[in-house]
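Engineer: Fold the following for me, if possible:
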Amino acid sequence: MTKVRTVLAMRAKPGCEQRFEAEWRSAAEQIRELDGCLSQDLVRDADDPRNYLIISEWADRERLDAFGRSEHRDRLLRVVRELRESAQRNTYEVLHTVAGEPGVLR
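Structural biologist: Here you go, the predicted model:
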């Protein structure tokens, strides 16, 4: 099976950035326990703090899609959806990963 990575671009509503981050963190803590979820990152645009990327890695497409169709997902992310203006999701197959050397700054 091939690992997959999703990249979800979201724009928070004005003034909702801190709550958006807190609600994402709360949902992510529960999602990380799900079978197949390998990692999740929330990153913020350095030039526009209302723009975020949510990057998650899953063991395979089947488990990602099962989560995507679940009522559990809808409940966990309901508030996050209410705090955003827009969202766009893409899913990618992970072909290669090259890790950096631990502790080495370049």
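Engineer: contacting residues around the closest residue to I54 other than its chain neighbours?
Structural biologist: Counting by CB to CB, 6 or more residues apart in numbering, I54 lies nearest to L8, which is 4.3 Å off, once chain neighbours are set aside. C-beta coordinates here come from the backbone N, C-alpha and C atoms, glycine included. Residues near L8 by CB atoms under 8 Å, 6 or more residues apart in numbering: L53, I54, I55, S56, A87, Q88, R89, N90.
Engineer: What's the ChimeraX line that selects buried ones from these?
Structural biologist: In ChimeraX, a selection of the buried entries from these looks like this (16 or more other CB atoms under 10 Å):
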select :54,56
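Engineer: Tabulate the contacts of L8 in CSV, adding columns for pLDDT and distance to G36.
Structural biologist: Below are the contacts of L8 laid out as CSV (pLDDT from 0 to 100; distance: CB to CB, whole Å):
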residue, pLDDT, distance to G36
L53, 96, 20
I54, 95, 16
I55, 96, 16
S56, 95, 10
A87, 90, 22
Q88, 94, 23
R89, 93, 17
N90, 94, 18
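Engineer: would TSV of the contacts of L8 with secondary structure and distance to R81 be doable?
Structural biologist: Shown next, in TSV, are the contacts of L8 (DSSP: H, G, I helix; E, B strand; the rest coil; distance: CB to CB, whole Å):
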residue	secondary structure	distance to R81
L53	strand	16
I54	strand	12
I55	strand	18
S56	strand	16
A87	strand	8
Q88	strand	13
R89	strand	12
N90	strand	18
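Engineer: Brilliant, that's me finished.
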